[in-house]
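**Student:** generate a structure from the sequence data that follows.
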Amino acid sequence: MSEGLALAGVSKAYGALRVLEDVTARFAPGRTHVLMGPSGAGKTTVLRLLAGLEDPDAGRVERPVGARLAMTFQEDRLLDGLTATANIRLPLEPLRGARLERELARERAALEAVGLPVDRRPVRELSGGQRRRVAILRCALADADVMLFDEPLKGMDERTARRVNDFLRPLLAGRTVLWVTHDEREVALLDRPLLWTVREGGVRGPHM
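**Tutor:** Predicted structure coming up:
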């Protein structure tokens, strides 16, 4: 993608609560952008606007033509009756034969890389932290140009978070990534991220 995602004069409110006010921000393509700020400042709203899940009250959201987006939400949003591999494969087109076998091998390798069991149990039988990692893999293994992560490592211990990020780093290289977090330690796990601050109705940055 030669053009990045952008907010142009965007305002957004929920009832009397004004979350974003006349925000203009352009996110360089092919880079990782970290959005930080206090709870309720509008970080999730920025992601939802960029993903097309919310409409601005004013201004416009710019997306490259034909851009393919994937997102990890704060909630896991998994299908409880399916296996981890079946959940990871949901964003992909239906596969059969040798292509399906190759994809299954890729998914199993990913599960092992982040410390998840490789078996046929439904995800409802996994712990909360394990389910979170499945949701992250579903986004990271999607055929997408833009990846949006809303506090993906929240609640993970440092060792697991590092293991997940070691796996993610090569997958995110060259893609446009927006990563929301409250934890400054995550910044060090990412590859040369551009830092943005979401606060008091504005989106400011990037800070190198």
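
**Student:** domains for this protein, by residue range?
**Tutor:** Listed domain ranges for the chain are 1-68+145-208, 78-141 (source: automatic domain parsing).

**Student:** got those domains as TSV, with mean pLDDT and mean neighbour count columns?
**Tutor:** Every residue, glycine included, has its C-beta placed from N, CA and C. Shown next, in TSV, are these (pLDDT from 0 to 100; neighbours: other CB atoms under 10 Å):
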stretch	mean pLDDT	mean neighbour count
domain 1-68+145-208	92	17
domain 78-141	92	16
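
**Student:** which residue lies nearest the spatial centre of this structure?
**Tutor:** residue 149 (2.0 Å; CA atoms, centre = their mean).

**Student:** surely that residue and residue 142 touch.
**Tutor:** No - applying CB atoms under 8 Å, one finds residue 149 not in contact with residue 142, separated by 12.0 Å.

**Student:** ranges for the strands of the chain?
**Tutor:** For the chain, the strands defined by DSSP state E cover 5-14, 17-27, 32-36, 58-62, 69-72, 146-150, 176-180, 194-199, 202-207.

**Student:** quick one, helices of this structure?
**Tutor:** Ranges of helices in the chain, per DSSP state H, are 43-51, 84-88, 97-113, 128-140, 158-172.

**Student:** ok, residues contacting the second one?
**Tutor:** Contacts to helix 84-88, defined as CB atoms under 8 Å, 6 or more residues apart in numbering, come from residues 78-79, 104, 107-108, 110-111, 116-118, 123, 126, 134-135, 137-138, 141.

**Student:** switch the cut-off to 7 Å
**Tutor:** Outside helix 84-88, the residues within contact range by CB atoms under 7 Å, 6 or more residues apart in numbering are 78, 79, 104, 107, 108, 111, 116, 123, 134, 137, 138, 141.

**Student:** quick one: which of the residues you listed is nearest residue 72?
**Tutor:** Distance to residue 72 across the contacts of helix 84-88 (CB to CB) is lowest for residue 138, with 7.5 Å.

**Student:** excluding chain neighbours, what is closest to that closest one?
**Tutor:** The spatially closest residue to residue 138, leaving aside those adjacent along the chain, is residue 88, at 4.8 Å (CB to CB, 6 or more residues apart in numbering).

**Student:** distance of that neighbour from residue 75?
**Tutor:** To residue 75, residue 88 is 17 Å away according to CB to CB, to the nearest Å.

**Student:** thought residue 136 was touching residue 71, still the case?
**Tutor:** No - Residue 71 is not in contact with residue 136 according to CB atoms under 7 Å; the separation is 10.8 Å.

**Student:** residue 57 contacts residue 13, correct?
**Tutor:** Yes - under the criterion of CB under 7 Å, residue 57 makes contact with residue 13 at 5.9 Å.

**Student:** still on that earlier bit, adding distance to residue 185, write the helices of the chain out as a markdown table.
**Tutor:** Listed next are the helices of the chain as a markdown table, based on distance: least, CB to CB, whole Å:
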| stretch | distance to residue 185 |
| --- | --- |
| helix 43-51 | 17 |
| helix 84-88 | 26 |
| helix 97-113 | 21 |
| helix 128-140 | 17 |
| helix 158-172 | 7 |
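
**Student:** for the ones you listed, which one sits closest to residue 23?
**Tutor:** helix 43-51 (8.0 Å).
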